[in-house]
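Engineer: From the sequence below, what's the structure:
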Amino acid sequence: MPAIPQQPAPPVPPARPGPPPAPRRTAFAEGVDRLRAAATTEPGRLRVIGAVLAVLVVAFGAVTAWQTAERAAAADDVLHSSQPLSSGAADIYRSLADANTAASSGFLAGGQETADSRDRYEKDIRTAAAGLVTAAANSEPGSPSEAAVAKLNKLLPEYKGLVERARTYNRQGYPVGGAYLRYANEKMQKEMLPAAEDLYKKENQRLNADYGDATPYPWAAIALGVLTLAALGWAQHRTYRRTNRVLNHGLVAASTATAVALLWLVVGHTLARSGLDGSYDNGVRSLNVLHDARIASLKARGNENLSLVARGAETVTVGGQTYDAYYYDFDRDMGVLAKGLTDARGLADDDAGTGPVKAAEGNMAVWKQRHASARAEDENGNYQQALDKVIGGADATGACFDSVDRNLAKAIGHEQTEFQRAAGDGRNAMTGLPVGAAVLGVLGAAFAVAGVGRRLSEYR
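Structural biologist: Residues are numbered from 1 along each chain as shown. Below is the predicted model of the structure:
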């Protein structure tokens, strides 16, 4: 019997796709849902409130510690770094100018140069060199201050060499000695003193920057402290409305810790700002004016000496008239000195500050009178008489210059003491504030959590 052929099985229709699986929710979304659900109950709301209060109190303590630490560090830099460096730069300038003056005085004395005059010159050179070492150690690599220090370190040996040649030729009676001394003075006036002045300005800029970092109010910390106190007050009021209990010990302790930190911050920084502002107004400003006045007196004395060294060889034409260059510069420097003394007297805030300045003004008046007499002798051809009136004994202009310099040094010493006292008070007003604020912030957060936890325990 023939086999019956099998029919092929009908094709199976493809399965219809089902709905896609629901995407898996993230842990963050689930956490938000749980938090939202918890917030619908009173215990959940209390947990949220406790967490927010703790974060606010800790944030207030951290921001306060951060801002006050920055200001305390800047105040410490003002007292121990930038202001001493600014005064050091002024001393470099003064030492260089005084060395130039001592060199010209010794040259005029010739073979009669005294040991005191020679020692003064050598001391000034050593002081300037030591100041440059300190300035170099505190200069940022590649900064303008470093460039000024490097320039002065290069020029100082060159200047000393020119002065020594001038002395050598002068003692041998060669007129070329005067030319070497004028060349040394030109190097000092046109290269070294401008570089020293640039260094002085840069250090003053650093000082002003430190004042700018130390004195602004920490508004972020203050605002956050007020916000934290307001949140704590709201939480206590909410607790009172729901429980009729006047006080929650934990929240009260947290509010007290926050209030103490905020009060400490405001009062401490206000006192610090007052001290620092006083140190600038009654210290730094006076010191700057006094340093400028002292430098002007040194320049005037140097030009007075060099006018006798040059003996009319250097002239300057102003307004169509020709003047002896050194006498012209002397008159200009004395004008700067007079203005500086007037300004310094106006800035001094006590008798100890005004006394030396007034004495220096009296010395300057006598100096101008004696200088006029010496100049008249020089212009009349009486060189020896003019020389005696400039570098002679107690009646010479040199004695007046020494008195001016001595009184200005006394005034500078007084103002430096005033600066250190006021700046020290400003820095000390912030002592312990960064650490204290951080500790109070941690304690306040712990008290807030404990206060809210006490309420939560009532629901268990």
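Engineer: can you tell me the average pLDDT over the helix or strand where residue 301 lies?
Structural biologist: Assigned by DSSP states H and E, residue 301 belongs to helix 285-310. The average of the pLDDT scores along helix 285-310 is 88.
Engineer: now it, how far from the chain's geometric center?
Structural biologist: Chain-centre distance of helix 285-310: 26 Å, with C-alpha atoms, centre = their mean, to the nearest Å.
Engineer: Give me the residues contacting stretch 171-184.
Structural biologist: Residues outside stretch 171-184 that contact it (C-beta atoms under 8 Å, 6 or more residues apart in numbering): 100, 103-104, 107, 110-111, 159, 162-163, 165-170, 306, 309-311, 313-314. For glycine as for every other residue, the C-beta is placed from the backbone atoms N, C-alpha and C.
Engineer: Show me what counts as buried in it.
Structural biologist: By 16 or more other C-beta atoms under 10 Å, the buried positions in stretch 171-184 come out as 177, 178, 179, 180, 181, 182, 184.
Engineer: before we move on, what SS does the last one have?
Structural biologist: Classification of residue 184 into helix, strand or coil gives helix, according to DSSP: H, G, I helix; E, B strand; the rest coil.
Engineer: Make 269 the first number, not 1, from now on.
Structural biologist: Will do, 269 is the new start, and the previous item becomes residue 452.
Engineer: Could you pull up the contacting residues of the nearest residue to it once chain neighbours are set aside?
Structural biologist: The shortest distance from residue 452 to any non-neighbouring residue, by C-beta to C-beta, 6 or more residues apart in numbering, is to residue 430 (3.7 Å). By C-beta under 8 Å, 6+ apart, residue 430 lies in contact with 448, 449, 451, 452, 455.
Engineer: Do you have the helices of the stretch 569-718 of the chain handy? List them.
Structural biologist: Assigned by DSSP state H, counting those that start in this stretch, the helices in the stretch 569-718 of the chain fall at 593-615, 619-647, 651-659, 665-696, 701-724.
Engineer: Generate a markdown table for those, with distance to residue 550, mean neighbour count and mean pLDDT as supplementary columns.
Structural biologist: Formatted as a markdown table, those follow (distance: least, C-beta to C-beta, whole Å; neighbours: other C-beta atoms under 10 Å; pLDDT from 0 to 100):
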| stretch | distance to residue 550 | mean neighbour count | mean pLDDT |
| --- | --- | --- | --- |
| helix 593-615 | 7 | 19 | 91 |
| helix 619-647 | 8 | 18 | 92 |
| helix 651-659 | 37 | 18 | 86 |
| helix 665-696 | 6 | 20 | 92 |
| helix 701-724 | 24 | 21 | 86 |
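Engineer: For residue 516, which of those helices is the nearest?
Structural biologist: Nearest to residue 516 among those is helix 701-724 (4.7 Å), distances taken as C-beta to C-beta.
Engineer: same for the closest one, what does it pack against?
Structural biologist: Judged by 3 or more C-beta pairs under 8 Å, 6 or more residues apart in numbering; DSSP states H and E, helix 701-724 is in contact with helix 310-345, helix 487-511, helix 517-547.
Engineer: so what does the shortest one touch, helix or strand wise?
Structural biologist: Okay, so that is helix 487-511. When contacts are defined as 3+ C-beta pairs under 8 Å, 6+ apart, helix 487-511 packs onto helix 310-345, helix 517-547, helix 701-724.
Engineer: want to throw those helices into CSV with distance to residue 505?
Structural biologist: Listed next are the helices and strands packed on helix 487-511 as CSV, based on distance: least, C-beta to C-beta, whole Å:
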stretch, distance to residue 505
helix 310-345, 12
helix 517-547, 10
helix 701-724, 13
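Engineer: and residue 497, which of those is closest to it?
Structural biologist: helix 517-547 (5.5 Å).
Engineer: got the angle between that closest one and helix 310-345?
Structural biologist: Helix 517-547 and helix 310-345 are oriented at 20 degrees to each other (axes from the mean of the first three to the mean of the last three C-alpha atoms, to 10 degrees).
Engineer: Can you give me the buried ones in helix 517-547?
Structural biologist: 518-519, 521-523, 525-527, 529-530, 532-533, 536-537, 540-541, 543-544, 546-547.
Engineer: repeat for stretch 343-355
Structural biologist: Neighbour-count burial for stretch 343-355, counted by 16+ other C-beta under 10 Å, picks out 343, 344, 345, 346, 347, 349, 350, 351, 352, 353, 354, 355.
Engineer: pLDDT and distance to residue 658 added to those residues, as CSV?
Structural biologist: Formatted as CSV, those follow (pLDDT from 0 to 100; distance: C-beta to C-beta, whole Å):
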residue, pLDDT, distance to residue 658
343, 92, 47
344, 92, 47
345, 91, 45
346, 91, 42
347, 90, 42
349, 88, 42
350, 90, 40
351, 89, 37
352, 90, 36
353, 89, 36
354, 90, 33
355, 91, 31
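Engineer: Tell me the one among those nearest to residue 642.
Structural biologist: Nearest to residue 642 among the buried residues of stretch 343-355: residue 355, at 33.7 Å, using C-beta to C-beta.
Engineer: Isn't the closest one up against residue 555?
Structural biologist: Yes - under the criterion of C-beta atoms under 8 Å, residue 355 makes contact with residue 555 at 6.8 Å.
Engineer: shared neighbours, the two?
Structural biologist: With C-beta under 8 Å, 6+ apart as the test, residue 355 and residue 555 both reach residue 684.
Engineer: quick one on the thing from earlier: so which of the helices and strands packed on helix 487-511 gets nearest residue 469?
Structural biologist: Closest among the helices and strands packed on helix 487-511, once you apply C-beta to C-beta, is helix 310-345, at 18.1 Å.
Engineer: and the angle for the closest one with helix 665-696?
Structural biologist: Counting by the same axes, to 10 degrees, helix 310-345 lies at 170 degrees to helix 665-696.
Engineer: any idea which helix or strand comes after helix 310-345?
Structural biologist: Under the assignment DSSP H and E, the closest C-terminal helix or strand after helix 310-345 is helix 351-377.
Engineer: Give me the residues contacting stretch 524-537.
Structural biologist: Here stretch 524-537 makes contact (C-beta under 8 Å, 6+ apart) with 325, 328-329, 332, 336, 339, 485-486, 489-490, 493-494, 496-497, 500, 697-698, 701, 704-705, 708-709, 711-712, 715.
Engineer: what's the helix or strand for residue 421?
Structural biologist: Counting by DSSP H and E, residue 421 is part of helix 412-439.
Engineer: what is the mean pLDDT for that helix?
Structural biologist: Averaging pLDDT along helix 412-439 gives 90.
Engineer: show me where pLDDT drops low in the stretch 419-568 of the chain?
Structural biologist: Filtered on pLDDT under 70, the stretch 419-568 of the chain yields the residue ranges 512-514.
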